[in-house]
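**Q** no sequence on this one, just coordinates:
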């Protein structure tokens, strides 16, 4: 019975992001920690702190930093994988890690904030503005790129952009998205 129910349900693509970002921040901190403790004990501090207490404090700070980065970086996105324009579900720090869903046809404008534009972003962010709806109190969706310092071509952003444009061709696009979609519109790359 479960197999029949799974067969009848629409096929979804799932994307989970954040693990590599958390790991990268933890590794960078672990590399910097001994240097900071050595500088602290090399005459910059006149206090009587021991190396062990400084190391313990540094490890507690590492745990707190990794927890904060994990809260900000972890994201779950599910998309209709049948090439249709089905429901998009997401959960990340902007939604308080609660699952939210919307239809691609509800999007009235999209903008891409690229990480490589240098605004203290680890990943690119796709911001979608939704038409007001009585069943929803939020009208803005922010979804993060799956690659650190990506330019918006990675999943799930690329699939979401294509689904929204397919469902609503007149959607408002910013300059970054128009440049990203130009090869697809003018036939130099096949639409996936």
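**A** All right, it came through fine. Bear in mind the structure is a predicted one, so any value in this text is a computation, not a measurement.

**Q** Please verify my assumption that residue 86 contacts residue 101.
**A** No: with the criterion set as Cβ atoms under 8 Å, residue 86 and residue 101 do not qualify as a contacting pair; they are 9.9 Å apart. Where C-beta positions appear, they are placed from N, C-alpha and C, glycine not excepted.

**Q** per-domain residue ranges of this structure.
**A** Taking automatic domain parsing as the domain assignment, the ranges for the chain are 19-72, 79-185.

**Q** Among the ones you listed, show the one with the smallest mean pLDDT.
**A** Comparing mean pLDDT over the domains of the chain, the weakest stretch is domain 19-72, at a mean of 71.

**Q** about what we covered before: residue 86 and residue 101: which is more packed in?
**A** A count of neighbours by other Cβ atoms under 10 Å puts residue 86 above the other of residue 86 and residue 101, at 19 against 13.

**Q** Make sure that one is indeed in a strand.
**A** No: checked against DSSP: H, G, I helix; E, B strand; the rest coil, residue 86 lies outside a strand; its state is coil.

**Q** quick one on the thing from earlier: which of the domains of the chain is buried the deepest?
**A** Each of the domains of the chain was given a mean neighbour count from mean count of other Cβ atoms under 10 Å, and the largest, a mean of 16, is that of domain 79-185.

**Q** and the longest helix belonging to the chain, what does it pack onto?
**A** Counting residues, the longest helix in the chain under DSSP state H turns out to be helix 51-73. Taking 3 or more Cβ pairs under 8 Å, 6 or more residues apart in numbering; DSSP states H and E as the contact definition, the neighbouring helices and strands of helix 51-73 are helix 19-39.

**Q** after the longest helix of the chain, next one along is what?
**A** Remark: after helix 51-73, the chain's next helix or strand is strand 75-80, criterion DSSP states H and E.
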